[in-house]
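>>> build me a structure from this.
(chains A and B)
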Amino acid sequence: MNVQEKLAVLADAAKYDASCASSGSKKTRQGSQIGSTEGMGICHSYTPDGRCVSLLKILLTNYCIYDCQYCVNRVSSDTPRARFTVDEVVSLTMEFYKRNYIEGLFLSSGIIQNSDYTMEQMIAVAKRLRTEQHYGGYIHLKTIPNASQDLIDQAGQWADRLSVNIELPTDNDLYRLAPEKKKPQIVATMGGIRERIDEAKEDEKSGLKARRFAPAGQSTQMIVGATETPDVDVLKTASDLYSGQKLRRVYYSAYSPIPHADARLPGQSPPLMREHRLYQADWLMRFYGFKADEIVAEKDRNLSLDLDPKLAWALANRQFFPVDVNRATYEELLRIPGIGVRNVKRILSIRKHRQLRSADLRKLRVAWNRTKAFVLTADHNPSVHDLDRLDLKSKVTIKNEQLMLFDAAGSAISGEV
Amino acid sequence: MDQFVSVETFEQWRDEARKLLAAEVPPSGVHFATHDDQPTLFGSDEPEPADDKSVEATDRSSTVRVPKSFLETARIVTCHRSPVRWELLYRTLWRLTHGEPSLLAIATDDDVHELHRMNKAVTRDVHKMKAFVRFRRVASADEETYVAWHRPDHRIVRLAAPFFARRFKVMNWSIFTPWESVVWDQESLRYGDGVPASAVTDDDSLESLWKTYYASIFNPARVKVAMMKREMPVRHWKTLPEASIIEDLLHEAPQRVSEMIERNEGFADTATKFMPSQIDLPSLKTAADCCKACDLHQFASQMVFGEGPPDAKIVLVGEQPGDHEDIEGKPFVGPAGVLLNQALVRAGIRRDEVYVTNVVKHFKFTERGKRRLHKKPDSREIFACRPWLEAELAAIKPQTVVCLGATPAQALFGRDFRITKSRGVMRATDWCERTIATWHPAAILRMPDETRRGQMLLNLVEDLAAANA
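Numbering: from 1, shown residues only, chains lettered A, B, ... in the order given. Presented below is the predicted three-dimensional model:
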């Protein structure tokens, strides 16, 4: 198999990992000759699935001894197998990087032999890039659960970001679909990474010359829709990981049909709208001060698919409204549907100097259709009288609901909106 | 009387604006002009470094005070190609210095709003330039350089170039745009005139590798073309090698997805589906006779269930029944069974006191002439059959489980278990506090080296004795 054929197999095998972030490392490594990290990541391309191509996202090998049912690379799959050499990955990364195709490397791997052996191979790639190629670009290493702490230490030394996939929201889901993976082991590996990140930060704070350790932090991914687990449990798991393991991001990946699907877990169209709602809810938890069980109010413990979660919360908690944009606190403003963090800050800044009227909000490009029934402004805002109407939901959703469903479902390829 | 001022760069505008402000010329009395669309008369009319310093000096002595953020915004907005930018900037400057010092905080003000919009457009354009420049390698005998042609929306080469210098420090590269160009020689940036796209046409063999990557990383099950076009506007596609295959990818996508959904592999069910409500050994055995979770039942003579007392203290687990077992319907009755019996005797264990079973309950084989050769069960068959073993262990609750060979050991200890490394080590598993793995008797029989064979047999006896301890 030549490199091109291997690349086709091993990129195809890697694409179900949603993470492609290349941000978070603020300073380029000292002594770098090619490559930089300056905080914000760059998306160098976009594929027709609307996802960005920022990193060269590949597996070192898709041979795997595990049998996770949702995974195309499980041991029982008939998928074609390939394995890159360390040299091949180093060279691909450098050649792509020099042409400005990519922001860096995201290396993952099937488990070969055992966790430690696999991890050693991945570390060898990162180390060679740093020490022999003087490469200063982004590196994200997928950490194998159960890899020894010594290997995690090494991985963090060369990588910008480490991640361990939680895979599925609950213990029981893992037991059913990924019997070789255990949540406590996964979380323990995350804990090992978190400790080192914390140590590096402490050292830096106290003025010591800290050894670099995964400066862009750690993230994880959860597959959604492969089991019946409701959104509230998905979000609680995410919330625990954010607070307990200080993760930068939890990625949600709608269970997608895969080639060589396992008969135990038949193919289906990916629940893209659900995935979208989970990301919205995730943002509400991280930046808007919402709690997981507060966001999911539906009886079936899932997020509403036809309303964004903030709007759904507002409709269910109308006693909280109307909020006066000229008087409310930061936290209160954040709860208004259609107004984001940036606009909340703008509102606070503007109202020091002048009162905000409805037209001002529209100029700030808040989603006025969603916002109007929930706010008091300096002028007359007639829509606020709709707040107590039973059909408020239809009044604030009509237009954008159709757009979003259509966009996210992507049911028709030519059907642009 | 109206004044007409000609400016090209941020520095020129700043100097002019300062003079106008000193002369108290109101915004309505000044018109700025620029020669954007014509080549500048002085190819590189860079302000000299010394010049820059003197400007700063005047800055300090000047009485004009404006927020630093305004100058930062102005430096960016001057790169916008809108003809109104100079006047908008001067008007904002005027208002800032004439009674509205907090103007910039009011995002809803028309001028501020427009400044923000232009700032955003230019910043986004710079970001897209950093993203979409595609270098092509041009190699000669002793040197390699990287060349790119890119069409930004605004005049942003000077804003973006330092980024490329930091990132590609030890490369020689040039970036050409229709209006400006920049060259990096690993020491300094040199700016020059624009160049038409036709001037840079070299192909780079690596582009086919890049396209392979792009095609493979695309997931046809999640088509979102509008999103792609929003972030990667079609006007940039001409200079992106990967964009040439987008149409094909989209064309094939629906077919690929329906195939993925229709086709699957392996067995949908496991033995759980055939499990009786009563979990005792006789009920389990009767139910297992009807198990069709995997395909092996179609070829084997019969199901071979475990055998032994229901209160056995030790359970021995093998891989699967062999030729003899398949015919007799009992586990470990062939040559391997004979050897196992000998080992049990040497370990001081009576065979009728232990429960003997297998991970897979049907014989798997390939036919070679008249002989049926044992074939290792695959992970699908093991997964499908395993609930029977789990039910046997749950019914018996043995003190010790002995895995004979790698297959049962990997089923209970995990798939990364290596019999050569961890044989004879007693460990806890989900099924039994005391679980140990040892050689399969058949592996000993197959060992060609006599000394080694003797040693393995000794290991087996020791491990069985340990299990009995």
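
>>> contacts only, for residue 153.
Went with chain A since none was named. A:Asp153 makes contact with A:196, A:213, according to Cβ atoms under 8 Å, 6 or more residues apart in numbering or on different chains. C-beta: built from backbone N, CA, C; applies to glycine.

>>> let's do chain B instead
B:Asp153 neighbours (Cβ under 8 Å, 6+ apart): B:81, B:121, B:125.

>>> where's the second one, which helix or strand?
Taking DSSP states H and E as the definition, B:Ala121 sits inside helix B:110-132.

>>> cool, A:Tyr279 as well?
Per DSSP H and E: helix A:272-287 holds A:Tyr279.

>>> now for that helix, which elements pack on it?
strand A:218-224, helix A:231-245, strand A:249-254, helix A:292-295, helix A:309-316, helix A:392-409 (3 or more Cβ pairs under 8 Å, 6 or more residues apart in numbering or on different chains; DSSP states H and E).

>>> which one of these lies nearest to chain B?
When the helices and strands packed on helix A:272-287 are compared by Cβ to the nearest Cβ, helix A:392-409 sits nearest chain B, at 6.1 Å.

>>> what distance do you get for B:Asp430 to chain A?
10 Å (Cβ to the nearest Cβ, to the nearest Å).

>>> which residues does the helix holding A:Tyr279 contact?
When contacts are defined by Cβ under 8 Å, 6+ apart, helix A:272-287 is touched by residues A:224-225, A:231, A:234-235, A:238-239, A:242, A:250, A:252-254, A:290-292, A:295-296, A:302-305, A:308-310, A:313, A:334, A:341, A:404-405, A:408-410, B:222.

>>> tell me the angle it makes with helix A:231-245.
For helix A:272-287 against helix A:231-245, the angle by axes from the mean of the first three to the mean of the last three Cα atoms, to 10 degrees is 40 degrees.

>>> hmm, A:Lys181 is touching A:Tyr66, no?
Yes - with contact defined as Cβ atoms under 8 Å, A:Lys181 reaches A:Tyr66; the gap is 7.2 Å.

>>> let me see the contact set for residue 105.
You didn't pick a chain, so chain A it is. Applying Cβ under 8 Å, 6+ apart, the residues near A:Leu105 are A:55-56, A:58, A:89, A:93, A:125-126, A:129, A:137-140.

>>> let's do chain B instead
Going by Cβ under 8 Å, 6+ apart, B:Ala105 touches A:349-350, A:352-353.

>>> buried ones in stretch A:336-347, by neighbour count?
A:336-340, A:343-344, A:346-347 (16 or more other Cβ atoms under 10 Å in any protein chain shown).

>>> got the CA coordinates for that stretch in PDB?
The C-alpha coordinates for stretch A:336-347 follow below in PDB (Å, rounded to 0.1, in the frame of the first residue of the first chain):
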ATOM      1  CA  ILE A 336     -33.100  36.700  27.100                       C
ATOM      2  CA  PRO A 337     -33.700  34.600  24.000                       C
ATOM      3  CA  GLY A 338     -31.900  35.800  20.900                       C
ATOM      4  CA  ILE A 339     -29.300  37.800  22.700                       C
ATOM      5  CA  GLY A 340     -25.800  36.500  22.900                       C
ATOM      6  CA  VAL A 341     -22.900  37.100  25.200                       C
ATOM      7  CA  ARG A 342     -21.300  39.700  23.000                       C
ATOM      8  CA  ASN A 343     -24.500  41.700  22.700                       C
ATOM      9  CA  VAL A 344     -25.000  41.600  26.400                       C
ATOM     10  CA  LYS A 345     -21.600  43.200  26.900                       C
ATOM     11  CA  ARG A 346     -22.500  45.800  24.200                       C
ATOM     12  CA  ILE A 347     -25.800  46.600  25.900                       C
END
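
>>> same question for it, mean pLDDT?
Model confidence over stretch A:336-347, given as mean pLDDT, is 94.

>>> what sits up against it?
Taking Cβ under 8 Å, 6+ apart as the rule, stretch A:336-347 contacts A:287-288, A:308, A:310-311, A:314, A:321, A:323, A:325, A:330, A:333-334, A:356, A:361, A:364-371, A:374-375, A:396, B:107.

>>> before we move on, what about stretch B:325-343?
Residues contacting stretch B:325-343 (Cβ under 8 Å, 6+ apart): B:300-307, B:316, B:318, B:321-324, B:351, B:356-358, B:362-363, B:372, B:404, B:440-442, B:444-445, B:457, B:460-461, B:464.

>>> and the residues you listed, which are buried?
By 16+ other Cβ under 10 Å, these give B:300, B:302-307, B:316, B:318, B:321-324, B:356-358, B:362-363, B:372, B:404, B:440-442, B:444, B:457, B:460-461, B:464 as buried.

>>> out of those, list just those in helices.
B:323-324, B:441-442, B:444, B:457, B:460-461, B:464 (DSSP state H).

>>> next, give me the two most distant ones among those residues.
B:Asp323 and B:Val461 (25.4 Å; Cβ to Cβ).
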